[in-house]
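Novice: Provided below for reference: sequence and predicted model.
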Amino acid sequence: MIVHSILRVVAKLLIPYILLFALYVQFHGDYGPGGGFQAGVIFAAGVILYALVFGLAAARRVAPPVAVETLIALGVLIYAGTGVVAMLRGGNFLEYGALDHHHPQHGQHLGILIVELGVGITVAAVMIAIFFAFAGRERTQ
Amino acid sequence: MTQAIDILLLALLACTAISVVRMRSLWAAVMLTGIYSFLGAGWMLILDAPDVAFTEASVGAGIATVLMLGTLALTSTEMKRPVASPLFPLLIVSITGVALAYGTLDMPHFGDPNAPIHRHVAPEYLDDSVPTIHGGELKVGIPNVVTTVLASYRGYDTLGETVVIFTAGLGVLLLLQGPRSDRAKEDAP
């Protein structure tokens, strides 16, 4: 296997910042551009860059396929679960104001933060899983 | 000055699109579609839609390019010569394009405050999200109105979108990975 030193060093430098930027976009989506979808894709891009430079096997150790497949479902569950919690607290499905009866505005903030997290988790996991599925196949000829 | 940037960006978009169509090498075509997405993201930024620009840059230029390259690694990298004449498809595409351009003639001007879309529910969303001249109580109070609309007012839509992504991921995994018993056999040796 050829060792691309420059690629490896640059990737090692970049990946932490890509992941950090993804988290920033995720949790700063209330105040600036971005949100769960973009953050998930950026996070997945960090993992995919790792897979491209260090190989698929190494990336599968970092993000085990079983964990990725579980996270795909977990994100949707978090989103829908927020709606159900709002119902249990006396509101309508996905009515975040019901999450905090004293300050409906706080409830809105909390609800939006949580559902965006759900979106981010599902998007990141799906992108990583699709990349693994493509990259894991042999050329058929 | 801004008009010069508009014209330059649109010209680059058109050039890239034409190059993609004329390119025989699929590797080059995929890289050019990535460039097209980046230019598209720049165009969205000019139209004051940073959220869309963000998505276009990360999905269109990033993930889609990687997935297309991954697909090319599994299939062929050269485009086959088309057997049929491209004239008929070109005619259809031209008619559709002209019809779409004709359709935009009836649309309100960009940024027109009296456009129907700005007079329906948009003022309410803005009033609920950010302190505006209309005053009133902030129901949500999140400065990024796009997030407010996506996650709160259209929470059902976004839940649906998340389920769509979930289903897409599930479909790709089922198609490409096969049943789990096969994978266990592959991993074993």
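Specialist: In hand now; what should we look at? Numbers count the residues shown, from 1 in each chain, chains lettered A, B, ... in the order given.

Novice: quick check: buried residues in stretch B:36-53?
Specialist: Of the residues in stretch B:36-53, B:36-45, B:49-53 count as buried by neighbour count, 16 or more other CB atoms under 10 Å in any protein chain shown. Bear in mind the C-beta positions are built from the backbone N, C-alpha and C, glycine included.

Novice: should've said stretch A:95-115
Specialist: Neighbour-count burial for stretch A:95-115 flags A:95-100, A:104-105, A:107-109, A:111-115 (criterion: 16+ other CB under 10 Å).

Novice: contacts for it, please.
Specialist: Contact with stretch A:95-115 is made by A:27, A:30, A:36, A:78-79, A:82, A:85-87, A:89-92, A:94, B:138-142, B:147-148, B:151-152, B:155, B:158-159, as judged by CB atoms under 8 Å, 6 or more residues apart in numbering or on different chains.

Novice: again, only using 10 Å
Specialist: By CB atoms under 10 Å, 6 or more residues apart in numbering or on different chains, the list of residues contacting stretch A:95-115 from outside reads A:26-27, A:29-30, A:35-36, A:75, A:78-83, A:85-92, A:94, B:128-129, B:137-142, B:144, B:147-148, B:150-152, B:155, B:158-159, B:162.

Novice: count the neighbours of A:Leu20 for me.
Specialist: 13 (other CB atoms under 10 Å in any protein chain shown).

Novice: wasn't it part of a helix?
Specialist: Yes. A:Leu20 forms part of a helix when assessed by DSSP: H, G, I helix; E, B strand; the rest coil.

Novice: how about the helices in chain B?
Specialist: B:2-22, B:26-46, B:50-55, B:64-74, B:87-104, B:116-119, B:122-129, B:145-147, B:155-177, B:180-187 (DSSP state H).

Novice: which stretches of chain A have low pLDDT?
Specialist: Scanning chain A for pLDDT under 70 picks out the ranges A:1-2, A:138-141.

Novice: in it, where's the longest helix?
Specialist: helix A:104-135.

Novice: helices along chain A, start to end?
Specialist: Counting by DSSP H, the helices of chain A are A:5-27, A:36-54, A:56-62, A:65-88, A:104-135.

Novice: report the central residue of chain B.
Specialist: B:Glu56 (5.2 Å; CA atoms, centre = their mean).

Novice: gap between the residue lying closest to that one once chain neighbours are set aside and chain A?
Specialist: Computed as CB to CB, 6 or more residues apart in numbering or on different chains, the closest residue to B:Glu56 that is not its neighbour in sequence is B:Ala41, at 4.2 Å. Separation of B:Ala41 from chain A (CB to the nearest CB, to the nearest Å): 11 Å.

Novice: check contacts around B:Ala41.
Specialist: Counting by CB under 10 Å, 6+ apart, B:Ala41 has contacts B:Ala49, B:Pro50, B:Val52, B:Ala53, B:Phe54, B:Thr55, B:Glu56, B:Ala57, B:Ser58, B:Val59, B:Gly60, B:Ala61.

Novice: at 8 Å instead, please
Specialist: So B:Ala41 contacts B:Ala53, B:Phe54, B:Glu56, B:Ala57, B:Gly60, B:Ala61 (CB under 8 Å, 6+ apart).

Novice: ok, so of those, who is nearest B:Ile117?
Specialist: Distances from the contacts of B:Ala41 to B:Ile117 were compared by CB to CB; the smallest belongs to B:Ala53, at 19.5 Å.

Novice: just the pLDDT at the residue lying closest to the closest one once chain neighbours are set aside, thanks.
Specialist: With sequence-adjacent residues excluded and distances taken as CB to CB, 6+ apart, B:Ala53 is closest to B:Met44, at 3.8 Å. pLDDT, B:Met44: 92.

Novice: swap in the one 10 residues further on?
Specialist: B:Phe54 carries a pLDDT score of 90 in this model.

Novice: what's around it, how many residues?
Specialist: By other CB under 10 Å, neighbour count at B:Phe54 equals 24.

Novice: got it, and B:Ala151?
Specialist: Around B:Ala151 there are 32 residues (other CB under 10 Å).

Novice: wait, doesn't it sit right on A:Glu116?
Specialist: Yes. The criterion here is CB atoms under 8 Å, and B:Ala151 meets it with A:Glu116 at 5.8 Å.

Novice: shared neighbours, those two?
Specialist: A:Gly35.
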